[in-house]
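>>> quick one: sequence and predicted model below, then my questions.
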Amino acid sequence: MQNIQFPVNFEFKISTLANDFKATDASGKTIAYVRQKMFKLKEDIQIFSDESRTKENYRIKADKWLDFSTAYSFYDERNTNFGKVVRKGWRSIWKAQYQIIDESKKHQYSISEENAWVKVLDSLLGEIPVLGMFTGYVFNPSYIVENMNGKPIIKLKKQASFFGRKFELTKLGELDADDDDRVMLSLMMMILLERRRG
């Protein structure tokens, strides 16, 4: 996923039992197809080059079972670990916070939710029969990726859509070329976790 053309769109499929989505770039080209294996005690996410699922480029694996501070490690097609994303435990219950760690175990970027109240209202109204189907048009949380200097790099925002299945990534600042994959995989893992939470 090098030299990504922004904005990038994530669109979840609602016709399958699996938690699948595709990522497309500004030209509409599919840059990844993400498949979450269902009924696993530990998260195991496969990232394919496209919807045909013939070529697996990456895999994301949880290092623990169910835990608030689980780390999700990234592996390339040669099964080489090149970093991870870590959910910041109890702090993420109210407002989602994650850290992106490189292959040398250094903290590189942070992901944080812009406004926690949006997710709270989305979750509460989502529980109301019938009305819950339409909250995807009203409450749309957003997340910011910042570098170690606190400079915003990428914004991920939920788009108004039925069942809340569309998300858009826009570029706000410069990203080191060799960090593209790590940041993109971190956002893919984060959106799988946050979408499940509401």
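Now that the structure is in, tell me what you want to look at. Numbers count the residues shown, from 1 in each chain.
>>> now stretch 50-61: buried residues?
Neighbour-count burial for stretch 50-61 flags 57-61 (criterion: 16 or more other C-beta atoms under 10 Å). In this view, the C-beta of every residue, glycine as well, is placed from N, C-alpha and C.
>>> and if you look at stretch 25-45?
For stretch 25-45, by 16+ other C-beta under 10 Å, it's 25, 31-36, 43, 45.
>>> now stretch 157-176
Buried residues in stretch 157-176 (16+ other C-beta under 10 Å): 157-158, 164-169, 171, 175.
>>> before we move on, back to that, out of the buried residues of stretch 50-61, who's nearest residue 188?
Among the buried residues of stretch 50-61, residue 60 lies closest to residue 188 (C-beta to C-beta), at 7.5 Å.
>>> can you tell me the closest non-neighbouring residue to the closest one?
By the measure of C-beta to C-beta, 6 or more residues apart in numbering, the closest residue to residue 60 outside its immediate chain neighbours is residue 45, 4.0 Å from it.
>>> bridged to the one you found, which residues?
Counting by DSSP bridges, residue 45 forms beta bridges with residue 36, residue 60.
>>> show me the helices in this structure, by range?
Per DSSP state H, the chain carries helices over the ranges 91-94, 116-126, 180-197.
>>> low-confidence bits of this protein, can you list those?
Along the chain, the model assigns pLDDT under 70 to residues 1-2, 15-18, 39-41, 64-69, 89-94, 116-139, 161-164, 196-198.
>>> can you give me the strands in it?
With DSSP state E, the ranges of strands along the chain come out as 8-12, 19-24, 30-36, 44-48, 56-62, 71-76, 81-87, 97-102, 107-113, 142-147, 152-158, 166-171.
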